[in-house]
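S.K.: After the sequence you'll find the predicted model.
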Amino acid sequence: MGKTISIHSFRGGTGKSNIVANLATYCAMKGARVGVIDTDIQSPGVHVIFGLGNKKLKNTLNDFLFKKCSIDDVAVDVSKSLKLKDGKLFMFPAALDANEITKVLREGYEVTMMSEGFSEIMGSKDLDYLFIDTHPGLNEETFLSVALSDILFVILRPDEQDYLGTAVTLEISKKFEIPKIFLIVNKLLPKYKPKDVEKQMQKTFHVPVAGIIHFSEDFADAASKEVFVVNHPDHPFTKVIGQIYEKMIED
């Protein structure tokens, strides 16, 4: 059975979805069978990074949650567009549609449907890794994703609000006894040294740091229009994604 990996942040704007897309793709480039599911139903968008933003999607995660289709019907194979040679990557997008988002906000959905979907995806697609792009903050849907995870990455920026929110997030997450929990520091200004920041983070949160990503104008300029690691294999951002991957797979 493959591993379930949740990537979470206490606040929005941390770069979570971009890290999900790039880390998942990096795994697939290494030959793994990978799924990415967007459980940020209220503000979805990771599918845009995979080039699906302007395409009409036949089915979305919303359809599955409201029992209009199976979870397999939601899968979009993006392996060809990512130029994958050996691996596979399946995207399970949520609906970026005002009416669908309003329906979720108004009616909610059976949270247990999500866990059933995770299990079905892992089996039907024979996945090595299922990446879950969570909804920021602390809510029932997030707790479910976190509790089912084999690995949890918590992303924060060097920002006081992120520090305080991350502390609460980790305090709760540790109660679920997740096998591996890591921090990822994103959007660090160039003047700060990664080693110093890593030491500070581990002292503050008592959780290992999987990677520290400096703010990059190249990455910002890409503006979520591509999976960055595919077209920029030698960029510092890609090298950090590689470091996070190594932390993820080590025993």
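M.R.: Looks like it arrived, so ask away. Residues are numbered from 1 along each chain as shown.
S.K.: secondary structure element for V34?
M.R.: strand 33-38 (DSSP states H and E).
S.K.: who does that strand pair up with?
M.R.: With DSSP bridges as the test, strand 33-38 is paired with strand 88-92 (parallel), strand 129-133 (parallel).
S.K.: next helix or strand past it?
M.R.: helix 46-49.
S.K.: Render the CA-only coordinates of that following helix in CSV, please.
M.R.: Taking Å, rounded to 0.1, in the frame of the first residue of the first chain, the C-alpha atoms of helix 46-49 are listed here in CSV:
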residue,chain,number,x,y,z
VAL,A,46,-3.7,23.1,-7.6
HIS,A,47,-5.1,21.8,-10.9
VAL,A,48,-4.3,25.2,-12.5
ILE,A,49,-0.6,24.5,-11.9
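S.K.: related to what we said a few turns ago, switch the strands paired with strand 33-38 over to a markdown table; also include distance to S17.
M.R.: The C-beta positions use only the backbone N, C-alpha and C, and glycine is treated the same way. A markdown table is the format used below for the strands paired with strand 33-38 (distance: least, CB to CB, whole Å):
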| stretch | distance to S17 |
| --- | --- |
| strand 88-92 | 12 |
| strand 129-133 | 6 |
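S.K.: Quick check: which of these is nearest to D234?
M.R.: D234 lies closest, by CB to CB, to one member of the strands paired with strand 33-38: strand 88-92, at 21.4 Å.
S.K.: which residues are in contact with the closest one?
M.R.: 24-25, 28, 32-38, 46-47, 50, 52, 61, 71, 74-79, 82, 117, 121, 125, 127 (CB atoms under 8 Å, 6 or more residues apart in numbering).
S.K.: Buried among these? Make that a ChimeraX selection.
M.R.: Those of those that count as buried under 16 or more other CB atoms under 10 Å are selected in ChimeraX with:
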select :24,25,28,32,33,34,35,36,37,38,46,47,50,52,61,71,74,75,76,78,79,82,117,121,125,127
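S.K.: now the helices: where do they sit in this protein?
M.R.: Residue ranges of the helices in the chain, as given by DSSP state H, are 16-29, 46-49, 61-65, 98-107, 111-124, 140-147, 160-173, 194-205, 217-222, 228-231, 236-249.
S.K.: The fourth one: which residues count as buried?
M.R.: Spelled out, that is helix 98-107. E100, I101, K103, V104.
S.K.: and what of stretch 195-204?
M.R.: Buried residues in stretch 195-204 (16+ other CB under 10 Å): V197, E198, M201.
S.K.: Reformat those residues into a markdown table and put distance to F219 next to each item.
M.R.: Shown next, in a markdown table, are these (distance: CB to CB, whole Å):
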| residue | distance to F219 |
| --- | --- |
| V197 | 18 |
| E198 | 20 |
| M201 | 21 |
